[in-house]
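In: no sequence for this one, just the structure:
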């Protein structure tokens, strides 16, 4: 913890309210004016396995997740086992007093390797293999332990609210949030107001939660909890802000882009976005009436992308949303969209691969796949968002690219971004424009006796785009190599001109797309030490660069947003001969580094990698950068944190 | 309009004597009878000889991917409900690589028509067995008889939920055209299995085989409707009627060898059609389907008002 930022963590079994507890705490701290950043880690499981959630509150905008919490709330004994080693020096741990004698060898979901490590730790300090043993086995750390008597809270709740024990037990998450809030001197009223918002109209739930909060505050008052944890000095944000996560931001971007249809097949971690859109598929129009996207669940991802293509042929703005395994299935449809010049947006939330991999964990392992997916050669645009704010604008932009250049656009995100929440300023729709590209005009009657030359050869490669069902715009289209009329044609020269026509559109995109949409630079522009990275590493990279510059180290970062066509000329201008290049990416083989090497002839002097399925922490990037600065860094630095 | 008005001025590369010619003629005739406007018709083809059908029609034509013709067609119909959407494909396309889409297109009951050209073989890849070839059968190009059992398209369509199920014969253009017209007019997912001899690769089920049974010396093909088979399930029919109609369809679908029925097997107009279902959730759907969005002003700005969603997220 610094005086500018505090990291709050809650852990517990899935289905026991980890997420709702962190939302309660996050929104309450946001109400105090803080910038808030949230992170979720969870297993591919419905009930029982460990999940945790971080809330980082700060008096300025921060983007990086942290490895070490200042305050740790353990809804169950397993949470303490998983996180105790990461608590900061002066941190605070909140546990249920009833868990104190639980033996960690009895915990079924604790991974064997972590269990072994903890048992070794306990045996070295001659502590028993219990929760109290664990709390005593780190003598160097001066953390505070708050053992809340939840059993007595539960009894009061049962008696006062006349609820069964099972229901009272479910208030533990709220009790712990309230204890932590009381320790941090956040007023009870703020929590109560948030509860009233969440449970609006559910009087019994409000009553139960408010009593729980009250009991927790009374407990902290009477038990005189000693804690060295304080809220950061507050800079009150006056502006109205949103508390929003990555997938919600993408969904809103799609609505702002006027998306007409999204076919999808359920897959973690992409489904949340389609689900959210489904709940918002009827939106009022400024001039009265309603509109909104048709969100439709398909039988598989083959159908999702081909349905999207079919819809796009009518002129609708279409997207589909998926993750790696689904994208693997979509590849044939992607090629069809490339060949038929169909504007279609694929929103890709990367997760740990290969195969089923790690469905609920993050990775940037699909970059080379996305760049090359599909047999044969066809143009595509690939862009990657860096943070929650970017998700909105990029999602919106993706449709303009798709329709302007009449090709598939892959918008790359990952599980990390999907489940990162942040306080952001309301999105600015004033400057957004819906650009539909070159649409075919309805022709006069004589001409309309003829088909349109759908693939008319033009200087810039763009042919006017007709819509199925539009008067005077009849056309053929085909995944087979074709003439201008969309009829099968294998003539060598026609083939050559069609390949070249399609390729020209990509050159046009590279030429037209403005620099700010291609990349962004941060830190000291004169610095020779340069981090180049992409996607959701933005938060940690930018924050580390700012921190290093404050420490007097000249460092800059280049975050590349447009991955294909890669802004080669622009990057060549930015990257000087004697720069030390550091590439940061969340995968094993340095896929972005390979792209740089191939396209720029430059590669990383240092490669910082992580492929545990978890995003980089601020501590990890900071540690590697300090090593580089002090000349002690290896060429490749791989991070793996056993406690995430 | 007459049928030839729907014919594209493109040289057709199907083999002489192929059943596909008859199907194309029946389609053109059906379009003419229904007086369809060319720009409002979109014909989607799968991959294989049958998949080339869209090239030869002067309507909109979309040549898709192997097995995926139904989701392409579904996407277009959902986005523009005014379109008349026809999907065509072979038995390998629809029952092999595309079987999952076949089943799901049925259950959606969207107002599209699917024609399955059943010739028993993969013609364009030179005669391998399609999923309709029976166990023990061996056509000309197969090295050994098929070890695998066959799929029954009519039964599959019925259980998948197509609300109008029929079978036609490629060389009976007149009857097939009537079936296609009724399929297009039917509000819901309609399916026609078309017995389509492949003169090159299917030497077991050729024109002669269909038109005369060696044992009976009579045509194998007969019309269900001429024998007073009643496929109609009245809207609001009770469970017993439903069951009886399904059972008779299954029984008729089993007939093969000596007598092969064509005509309408099952017709249930009362089943809820998908676009009507959508309109219950999106009341604006018929007026502003995906193809009529985005709603924008003259400055190309979105007319959707997202304020209520921002409000849900506001601190």
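Out: All right, it came through fine. Note that the structure is predicted; figures quoted are calculated from it, not measured. Numbers count the residues shown, from 1 in each chain, chains lettered A, B, ... in the order given.
In: Return the distance of stretch A:425-440 from the chain's centre.
Out: Centroid separation between stretch A:425-440 and its chain, computed with C-alpha atoms, centre = their mean, to the nearest Å, is 23 Å.
In: Could you pull out the buried residues of it?
Out: For stretch A:425-440, burial by neighbour count (16 or more other C-beta atoms under 10 Å in any protein chain shown) applies to A:427, A:429, A:432, A:434, A:436-437, A:440. Backbone N, C-alpha and C define where each C-beta goes, glycine included.
In: and the closest residue to residue A:168 other than its chain neighbours, what does it touch?
Out: The shortest distance from residue A:168 to any residue other than its chain neighbours is 4.0 Å, reached at residue A:157 (C-beta to C-beta, 6 or more residues apart in numbering or on different chains). Residue A:157 makes contact with A:163, A:168, A:171, A:208, A:211-212, A:215, according to C-beta atoms under 8 Å, 6 or more residues apart in numbering or on different chains.
In: tell me the pLDDT at residue A:444?
Out: pLDDT recorded at residue A:444 is 67.
In: Show me what from the stretch 51-200 of chain B comes close to chain A.
Out: By the rule C-beta under 8 Å from any C-beta of the partner chain, the part of the stretch 51-200 of chain B lying against chain A is B:52, B:54-55, B:58-65, B:67-68, B:70-80, B:82-83, B:100-101, B:103-104.
In: Report the buried members of those residues.
Out: Buried members of those, counted by 16+ other C-beta under 10 Å: B:52, B:54-55, B:58-65, B:67-68, B:70-80, B:83, B:100-101, B:103-104.
In: returning to what we had before: report the buried residues of the helix or strand where the residue nearest to residue A:168 lies.
Out: Using DSSP states H and E, residue A:157 maps to helix A:150-161. Counting neighbours by 16+ other C-beta under 10 Å, one finds that the buried residues in helix A:150-161 are A:150, A:153-154, A:157-158, A:161.
In: Ok, stretch A:457-474 next?
Out: In stretch A:457-474, counting by 16+ other C-beta under 10 Å, buried: A:461-470, A:472-474.
In: show me which of these neighbour chain B.
Out: Residues of those in contact with chain B (C-beta under 8 Å from any C-beta): A:467-470, A:472-474.
In: Can you get me the start-to-end distance on stretch B:148-166?
Out: Using C-alpha to C-alpha, to the nearest Å, the end-to-end distance of stretch B:148-166 comes to 25 Å.
In: Could I get the buried residue list for that stretch?
Out: In terms of neighbour count (16+ other C-beta under 10 Å), stretch B:148-166 has its buried residues at B:150-158, B:160-166.
In: Kindly report the same for stretch B:179-186.
Out: For stretch B:179-186, by 16+ other C-beta under 10 Å, it's B:179-184, B:186.
In: Among those residues, name the ones in helices.
Out: Cross-referencing the buried residues of stretch B:179-186 against helices under DSSP state H gives B:179-184.
In: quick one: the residue lying closest to residue B:212 once chain neighbours are set aside from residue B:76, how far?
Out: In space, not counting the residues next to it along the chain, residue B:212 is nearest to residue B:219; the distance is 6.1 Å by C-beta to C-beta, 6+ apart. Taking C-beta to C-beta, to the nearest Å as the measure, residue B:219 falls 38 Å from residue B:76.
In: Which residue does chain A have closest to chain B?
Out: Here chain A gets closest to chain B at one residue, residue A:258, 2.3 Å apart by C-beta to the nearest C-beta.
In: check contacts around that residue.
Out: Neighbouring residues of residue A:258 by C-beta under 8 Å, 6+ apart: A:317, A:399, A:434, B:293-296, B:302, B:304.
In: and these, which two are the farthest apart?
Out: Across these, the longest distance by C-beta to C-beta is 14.2 Å; it joins A:399 and B:295.
In: between those two, which one's more packed in?
Out: Neighbour count, other C-beta atoms under 10 Å in any protein chain shown: between residue A:399 and residue B:295, residue A:399 has more, with 29 against 21.
In: Hmm, residue A:346 and that one touching each other?
Out: No. Assessed by C-beta atoms under 8 Å, residue A:399 is found out of contact with residue A:346, at 11.7 Å.
In: so what sits against both of these two?
Out: A:319, A:409.
In: sorry, back to before: now the residue of chain A closest to chain B: phi and psi?
Out: In terms of degrees, to the nearest 10, the main-chain angles of residue A:258 are phi 70, psi 30.
In: for residue A:12, which residues make a bridge with it?
Out: For residue A:12, the beta-bridge partners are residue A:51 (DSSP bridges).
In: Next, the contact list for it, please.
Out: Under the criterion of C-beta under 8 Å, 6+ apart, the neighbours of residue A:12 are A:18, A:50-52, A:74-76, A:79, A:173.
In: so what pLDDT did it get?
Out: Reported pLDDT for residue A:12: 97.
In: what's the nearest residue to residue B:199 if we skip its chain neighbours?
Out: Spatial nearest neighbour of residue B:199, excluding adjacent residues (C-beta to C-beta, 6+ apart): residue B:17 at 4.2 Å.
In: cool, and residue B:294?
Out: Leaving aside its sequence neighbours, residue B:294 sits nearest to residue A:258 (C-beta to C-beta, 6+ apart; 2.3 Å).
In: The one you found and residue A:12, how far apart?
Out: 41 Å.
In: Report the secondary structure state of the spatially most central residue of chain B.
Out: By C-alpha atoms, centre = their mean, the mean C-alpha position of chain B lies nearest to residue B:114, the distance being 1.4 Å. The local conformation at residue B:114, judged by DSSP: H, G, I helix; E, B strand; the rest coil, is strand.
In: Kindly report the same for residue B:171.
Out: With three-state DSSP as the criterion, residue B:171 reads coil.
In: count of residues packed around the nearest residue to it once chain neighbours are set aside?
Out: Setting aside the residues directly before and after it, residue B:171 is nearest to residue B:22 in space (C-beta to C-beta, 6+ apart), at 5.1 Å. Residue B:22 has 20 neighbours, counted by other C-beta under 10 Å.
In: Just to check, residue B:22 is in contact with residue B:174?
Out: No. Using C-beta under 8 Å, residue B:22 and residue B:174 do not qualify as a contacting pair, with a distance of 10.0 Å.
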